[in-house]
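J.: this is a predicted model, with the sequence first.
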Amino acid sequence: MRLLARASGPIQGRTRPPGDKSISHRALILGALAEGTTEIDGLLEGEDVLATAAAMRAFGAEVTQAGAGRWRVTGRGGLAEPAAPIDFGNSGTGVRLTMGAGAAFPLTAVYTGDRSLSRRPMARILDPLEAMGARTLSRTGGLLPATVRGGTLSPIAYDSPHASAQIKSAILLAALGADGVTRVSEPKASRDHTERMLAAFGATVRSETRADGRHLVSVTGRPKLRACPVTVPADPSSAAFAAAAALIVPGSDLILEDVGLNPLRAGFFDTIADMGAGAQVLDRGETGGESAGMIRVRHAALRGVAPPDQRSAAMIDEFPILAALAAFADGETVLSGAAELRVKESDRIALMVEGLRACGVDCEERPDGLVIHGRGAGGVPGGAEVRTHGDHRIAMSFLVLGLAARAPVIVDEAEMIATSFPDFTGFMRALGADIAEA
Ligand code: S3P
């Protein structure tokens, strides 16, 4: 499906973006691992999360939908061997976390995914699981399909080469089956939803910054996990698209409710503030152990920025929309410290450069980011059809760009947006965005 976005009237209203994808996956997985019934409110019903729900059923948990966003997961205090290979579709988080969780039990599972997921690196998960004593097999050199045979694992101390919550979480979940304390360090802290939720379900989890600056998390194996209600805040990564639209469309004034503001996810809001944005947190509170708040965003003149590399993990999924915003800024924006973007649902650095150039915006590709020469408000030509390689965030970023470009922008493979933001078009249209099928 191709979608087209054209210059729109003001983006305005008051709305709640869909539930957080990262927290939704974890709620289903921990619900399946725990004993008892976990009630989840605000679950994201996107394709990625639904794949994890189906996977948890295949591992023996009872997973039912009680209403819109309301789900119940009854775990048996452990996972059972699935009868068939498990297809995670497009979801890197789903497959990586589940490979870790599955390794903690005496079962063999085969993991598969779609074309994009089958190109993404899995050795980063399989290798530490092997080190813990699981047996893994990938006939494609560390890609899917992969088989993991779990059992009694040994605790390890693992220094991850990447600040990746998926790697960290897979090890922490596998560590639930190890006798003793498992330690994972990462170059800087990545999102900590797994740690927060594990603690809420009864595990002992500790985090600290090591003397060498690395972030260290440890978990004690074989805890008794107890079902625990989870309220999922709105996804800051989805909120970012609506916020960006409000920033670049003249006259906009938008309120986004209940947006997750976990500091390890909030880098986008810090960066738009540096760009001169009128974004304000109106009210901050707690939703299920995660901070959340109401954010007001108004149209603003933006300036180019060079966010510190230290911030990149806290906005790793927002680089595409930040690159689109930078096109409307005055001056140059340097996005760096994000080589991981090359192994997301697509090579996001290459695709943003290609798409921005097609839309008449000068930019340069760097190994770990890109430099965008902003054209200022009203100065982005647009008028292109952008290739997304089936990457939901590339598609949404260029649709937002099209809302303030001089000529309409078309994106291909827009059906993939449903992996993370099921009714993106309806949501944006209700706020005043002119997005329609091309
Ligand atoms: C996620 C972690 C990030 C992020 C992804 C979701 C998670 O990936 O890009 O969209 O829920 O743990 P990495 O851990 O690979 O950085």
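T.: All right, it came through fine.
J.: in the stretch 201-350 of the chain, which spans are strands?
T.: Ranges of strands within the stretch 201-350 of the chain are 205-209, 215-220, 230-231, 253-260, 278-287, 290-298, 330-335, based on DSSP state E, counting those that start in this stretch.
J.: of those, which is nearest the ligand?
T.: strand 253-260 (11.7 Å; Cβ to the nearest ligand atom). No exception for glycine: its C-beta is placed from N, CA and C like everyone else's.
J.: mind giving me the packing neighbours of that closest one?
T.: Under the contact criterion of 3 or more Cβ pairs under 8 Å, 6 or more residues apart in numbering; DSSP states H and E, strand 253-260 touches strand 12-15, helix 236-248, strand 278-287, strand 290-298.
J.: now the strands of the stretch 201-350 of the chain as TSV including mean pLDDT?
T.: Below are the strands of the stretch 201-350 of the chain laid out as TSV (pLDDT from 0 to 100):
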stretch	mean pLDDT
strand 205-209	97
strand 215-220	98
strand 230-231	96
strand 253-260	97
strand 278-287	78
strand 290-298	95
strand 330-335	98
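J.: adding mean neighbour count and distance to Ser24, write those out as CSV.
T.: Converted to CSV, these look like this (neighbours: other Cβ atoms under 10 Å; distance: least, Cβ to Cβ, whole Å):
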stretch, mean neighbour count, distance to Ser24
strand 205-209, 14, 20
strand 215-220, 21, 21
strand 230-231, 24, 9
strand 253-260, 22, 11
strand 278-287, 14, 13
strand 290-298, 21, 12
strand 330-335, 19, 27
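J.: out of those strands, nearest to Ser420?
T.: Proximity to Ser420 (Cβ to Cβ) singles out strand 253-260 among the strands of the stretch 201-350 of the chain, at 13.8 Å.
J.: who does the lowest-mean-pLDDT helix or strand in the chain pair up with?
T.: Ranked by mean pLDDT, DSSP states H and E, the weakest helix or strand in the chain is strand 278-287, scoring a mean of 78. Partners of strand 278-287 in the sheet, by DSSP bridges, are strand 290-298 (antiparallel).
J.: my read: Gly382 touches Leu403, true?
T.: No. In terms of Cβ atoms under 8 Å, Gly382 does not count as a neighbour of Leu403; the distance is 9.5 Å.
J.: just to revisit the earlier point, nearest to His373, out of the helices and strands packed on strand 253-260?
T.: Of all these, helix 236-248 comes closest under Cβ to Cβ, at 16.3 Å.
J.: grab the nearest non-local neighbour of Glu365.
T.: Leaving aside its sequence neighbours, Glu365 sits nearest to Val353 (Cβ to Cβ, 6 or more residues apart in numbering; 4.6 Å).
J.: can you get me the start-to-end distance on stretch 139-151?
T.: Using Cα to Cα, to the nearest Å, the end-to-end distance of stretch 139-151 comes out at 21 Å.
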